[in-house]
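Visitor: build me a model:
(2 chains)
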Amino acid sequence: MTAESREMTVQAPAAWIRLVTDLAVPVLAVFTALAIGAVVIWAAKANVVVAYRGLLEGAFGSVRNLTETLVITTPYTLAGLAVALGFRCGLFNIGVEGQFYMGALCSVFVAYAAKGLPVYVHLPLALLTGALGGAMWGAIPGFLKAKLGAHEVINTIMLNYIAVKTVDYLVKNPMLDAAATMPRTPYIQPSAMLPKLLPPYRLHAGLLIAIVAIFVVYWLLWKTTLGFEIRTVGANPDAAKYAGMSVTRNFVLAMVLSGALAGLAGTGEVLGLNHNLPAMFISGYGFDSIAIALMAKSHPFGILPAAFLWAALRNGAGLMQLRAGISIDLVNIVQALVIVFIAADEIIRWLYRIKRRKEEIREIVFTRGWGR
Amino acid sequence: MTLALEMHGICKAFPGVQANDHIDFQLEKGEIHALLGENGAGKTTLVNILYGLYRPDEGRILLNGQEIKINEPRDAITHGIGMVHQHFMLIPVFTVAENIMLGTEITRNGLLDRTNAARRIRDFSHEFGLDVDPDAYISDLSVGIQQRVEIVKALYREADILILDEPTAVLTPQEANELFSIMRSLSAQGKSIIFITHKLKEVFAVADRITVLRDGHVIGTTTPREATRSKLATMMVGREVLLTVEKGPPKLGDVVLRIKDLKVKDDRLYMAVDGVNLEVRAGEILGVAGVQGNGQTELVEAITGLRRSVDGRIEILGRETTNASPRQVIESGVAHVPENRQKHGLVLSYPLVDNLVLCSYYRPPFAHGMVMDNEAIDDYGRRLIAEFDIRTPSEYALAGTLSGGNRQKLIVAREFSRASKLVIAAQPTRGLDVGSIEFIHQRLVEQRDAGCGILLVSVELDEILSLSDRIAVLYKGKNIETLPAAEATPEHLGLLMAGIREEKAS
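Guide: Numbering: from 1, shown residues only, chains lettered A, B, ... in the order given. All right, here's what the predicted structure looks like:
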């Protein structure tokens, strides 16, 4: 007996109840993951209170720590939005990591090579080039899927490797700063740098871009015909085709937009933080962003808190290790548990006796499997 | 007659709806008792209570005069109550025998004893005249046989009372007839059967008694001998229902759809439509009859742009649209009620209002440039929901929460509210209850009288006969005959649908 076959009408609950129940599962998932994490700490014969106080202080304990958490939140937010936008079109963009690199590569080139431009030209130009670099890298699997039916998961994974190796080659050869001891590109022009928000802390204007991006993505998905098409293709490609939408065009479009957001994430790191592109530019942001989109249930407004949580865990882990002698890998365990509890939310619903709303339909389409 | 089962004063409320309101129901030993009612009348809720899937808020259940408590399906099974659900509960990669013994496995030395199990199930099913091959895999069986396996499974668990929840919804007419003879032979062997349906024809075909439910109440209990079709329909819907469609003679206009030598391949690359020629004029309904799978689906998909044709020509309103995109077809003035509602017709995870603009979201007043006007969309949605009487708690409810009849009304509301000159309606009333069928039929005739050309594709012969002005019969992808509806009889059409033309016979 499935829920769908029980035919009945149900009154829609008030908006605030809906919000509370929507938030209950992720919040309880984090809580439960931390509780299990505590058991792991205890089993490792360390002090749970010391460890978690370290984690908290490391993430929020001082202005420096808090701004550092926000520094990490910035790329997480943009990359999470990239994955979420793909999900909304029924696409599993695992290539955010590669698109992130390509965005960083394109923006750093414009940012150091173009000289003598005023800030209001140079900075937007560098940002735009970075977004375009990611968009281009996202367009490739989009086209391959639309024209040849090649699955985006495989192609985005492959393109990740190509992006890493391309960046590695370019940075070590034509773009190498000969004066540097480590292989990296030259420093970018001051006119292309994202301004710091709270000097001397490293927090930069990329955070504002990320926040604006959240609203832009929300507006795009829910207030424009473009977004209506993307969401329809994601929710039911057959109905989209029936309604006269081009499914293939939307696949490409969604991948381009997703890639642009990922590229912007990489761009922010270069223009706001590093001010150059080292050859060993391993971020891991691309893969974590899948978890962030998953936790946010692919909703733009969920991305920021999810990204903030991930950033806090990542940033606080160092002090936790120092204080309690617990490996920072514990944070990975907690993160993994959060994902398990969000993905298999029945566990949380069962633990805390949260009923699923009767009219609730599993809305998110993570991936449509192989083929087509 | 002795009573096998009594249900007294059963009440069950769900948020916002009283699904069962003091329902009394009596089942005699060895009878086939039809529970008749529209979708949402409370039939399924009642039997789900009996089978332990829901707990009643109030009421008592008596089995053979003894009060019993049924808290979960296991209790129902121990009391000899078996249920065959609308959606089968079989494991496709298991064999028939494995599915049937699931939960009561036959073992030897702790291992499954497949040979013994297969033999026992073969003997057992033979005893009831329900021959099934115990070694066949479920996924290889037709839907009709799978249903038979479900029945054997229930009997194997020693069910004396069998609940069949809309068993014919998934069956072809031939399979339904087979099911009816199985039901009769089971009742002759003393099994009592509760048969849920909303199809009038079926209660007259098989039931001994009929209980009609409406809005959670028992409206009455009668027998097929006392009842008439129109009386039952009135009981179900609560008002007079037009079982036949009233329509005047067609006022023919220009040709709105012309199909010449059309050839279309299906997914397996067989020629599903193999040289069809058709013409639909404004103001007429052309019915396309035929047994399911004779090219109807592919024909409709080719006309609406969802599938490419390999040869031939399609003209809509005098303009060639062969292999045009769905958007071009829609914009040339075609309304399409698709055969597969969930797959093509609706986005189930979207609210009603969004589904109502699924084909016109990009045009004013719903969008200006690329910015959508949600207020205009909501207003339009509210208007259509009222106009087409779509039963929903809110215009923002998700389409997936609607009943089948209301889902179809939603599609019809969307398609018939666009200015169109050609309506393609594929199986427009499949699975719907009497009230909804009447509604859809009236709307189709309205469209015709408003000057639309209508291509009605249906496997229901009654529907074709009562609505069409002309009838084309598809057989193996060919339009073997087109005849005026006045000259058609069910017998004649039946022969044509089997590929037999009278010229050949004479």
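
Visitor: now residue 27, what's its secondary structure?
Guide: Since you didn't name a chain, this refers to chain A. Under DSSP: H, G, I helix; E, B strand; the rest coil, the three-state class of A:Val27 is helix.

Visitor: if you could check chain B rather than the one you did, that'd help
Guide: When classified by three-state DSSP, B:Leu27 comes out as strand.

Visitor: for A:Lys115, which non-adjacent residue is spatially closest?
Guide: Nearest non-adjacent residue to A:Lys115, counting by Cβ to Cβ, 6 or more residues apart in numbering or on different chains: A:Gln189, 6.1 Å away. Heads up, the C-betas are built off the backbone N, CA and C, glycines and all.

Visitor: so how far is B:Asp267 from the residue nearest to B:Leu402 when sequence neighbours are not counted?
Guide: Leaving aside its chain neighbours, B:Leu402 sits nearest to B:Thr392 (6.2 Å; criterion: Cβ to Cβ, 6+ apart). Computed as Cβ to Cβ, to the nearest Å, the B:Thr392 to B:Asp267 distance reads 35 Å.

Visitor: who has more neighbours out of these two?
Guide: B:Thr392 (20 against 8; other Cβ atoms under 10 Å in any protein chain shown).

Visitor: check contacts around residue 208.
Guide: In the absence of a named chain, chain A is used. A:Leu197 (Cβ atoms under 8 Å, 6 or more residues apart in numbering or on different chains).

Visitor: should've been chain B
Guide: Contacts of B:Asp208 (Cβ under 8 Å, 6+ apart): B:Glu28, B:Glu31, B:Ile32, B:His33, B:Ser187, B:Thr223, B:Pro224.

Visitor: what's the spacing between it and B:Gly190?
Guide: Distance from B:Asp208 to B:Gly190, counting by Cβ to Cβ: 13 Å.

Visitor: right, is the helix or strand containing B:Gly220 up against chain A?
Guide: Element membership for B:Gly220, per DSSP states H and E: strand B:217-222. No - Strand B:217-222 stays clear of chain A (Cβ under 8 Å from any Cβ of the partner chain), getting no nearer than 16.0 Å.

Visitor: who does that strand pair up with?
Guide: strand B:209-214 (antiparallel) (DSSP bridges).

Visitor: residues near the closest residue in space to A:Gly103 that isn't next to it in sequence, how many?
Guide: Residue nearest to A:Gly103 in three dimensions, not counting chain neighbours: A:Gly263, with 2.6 Å by Cβ to Cβ, 6+ apart. Residues lying near A:Gly263 (other Cβ under 10 Å) number 36.

Visitor: circling back to that earlier point, tell me the contacts of the residue nearest to A:Lys115?
Guide: A:Gln189 makes contact with A:Ala111, A:Tyr112, A:Ala114, A:Lys115, A:Leu117, A:His122 under the criterion Cβ under 8 Å, 6+ apart.

Visitor: rerun that using 7 Å as the cut-off
Guide: A:Ala111, A:Tyr112, A:Lys115, A:His122 (Cβ atoms under 7 Å, 6 or more residues apart in numbering or on different chains).

Visitor: now do the SS call for whatever residue of chain A ends up closest to chain B.
Guide: In chain A, the residue found nearest to chain B is A:Gly244; the distance is 3.2 Å by Cβ to the nearest Cβ. Of the three states, A:Gly244 takes coil under three-state DSSP.

Visitor: okay, now it: neighbour count?
Guide: Around A:Gly244 there are 21 residues (other Cβ under 10 Å).

Visitor: what's the helix or strand for the closest residue to it other than its chain neighbours?
Guide: Sequence neighbours aside, B:Arg327 is the residue nearest to A:Gly244 in space, at 3.2 Å (criterion: Cβ to Cβ, 6+ apart). Per DSSP H and E: B:Arg327 is located in helix B:326-331.

Visitor: residues of that helix that come out buried?
Guide: B:Pro326, B:Arg327, B:Val329, B:Ile330 (16 or more other Cβ atoms under 10 Å in any protein chain shown).

Visitor: ok, the closest residue to B:Leu27 other than its chain neighbours - contacts?
Guide: Of all residues not flanking B:Leu27 in the chain, B:Leu5 sits nearest, at 4.1 Å (Cβ to Cβ, 6+ apart). If you count contacts by Cβ under 7 Å, 6+ apart, B:Leu5 has them with B:Leu27, B:Leu63, B:Ile161.

Visitor: if the closest residue to chain A within the stretch 151-300 of chain B is in a bridge, with which residues?
Guide: For the stretch 151-300 of chain B and chain A, the shortest gap (Cβ to the nearest Cβ) falls at B:Asp165, measuring 8.9 Å. When bridges are called by DSSP bridges, B:Asp165 pairs up with B:Ile196.

Visitor: nearest residue to the middle of the chain?
Guide: Just going to use chain A. By Cα atoms, centre = their mean, chain A has its centre lying nearest to A:Gly80, at 1.9 Å.

Visitor: correction: the question concerned chain B.
Guide: Short answer for chain B (Cα atoms, centre = their mean): B:Gly431, at 1.8 Å.

Visitor: from what I see, that residue and B:Ser403 are in contact.
Guide: No - the criterion here is Cβ atoms under 7 Å, and B:Gly431 misses it with B:Ser403 at 10.3 Å.

Visitor: quick one: the helices in the stretch 401-506 of chain B?
Guide: B:404-416, B:434-449, B:461-467, B:490-497, B:502-505 (DSSP state H, counting those that start in this stretch).

Visitor: elements contacting the first one?
Guide: Going back to what we said before, that points to helix B:404-416. Applying 3 or more Cβ pairs under 7 Å, 6 or more residues apart in numbering or on different chains; DSSP states H and E, one finds that helix B:404-416 makes contact with strand B:334-337, helix B:352-356, helix B:434-449.

Visitor: switch the cut-off to 8 Å
Guide: On a contact count with 3 or more Cβ pairs under 8 Å, 6 or more residues apart in numbering or on different chains; DSSP states H and E, helix B:404-416 meets strand B:334-337, helix B:352-356, helix B:374-387, helix B:434-449.

Visitor: so which bits of the stretch 301-450 of chain B are right by chain A?
Guide: The interface of the stretch 301-450 of chain B toward chain A, taken as Cβ under 8 Å from any Cβ, is made up of B:304, B:306, B:325-331, B:336, B:338, B:340, B:343-350, B:354, B:358-359, B:361-362, B:367, B:370-372, B:374, B:391-394, B:396-398, B:400-401, B:403.

Visitor: can I have the buried ones of the residues you listed as a ChimeraX selection?
Guide: The buried residues among those can be selected in ChimeraX (16+ other Cβ under 10 Å) with this line:
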select /B:304,306,326,327,329,330,336,338,344,345,346,347,348,349,350,354,358,359,361,362,367,372,392,394,397,398,400,401,403
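
Visitor: pLDDT-wise, which helix or strand of chain A ranks last?
Guide: In chain A, the helix or strand scored least confidently by mean pLDDT, DSSP states H and E is helix A:345-351, which has a mean of 80.
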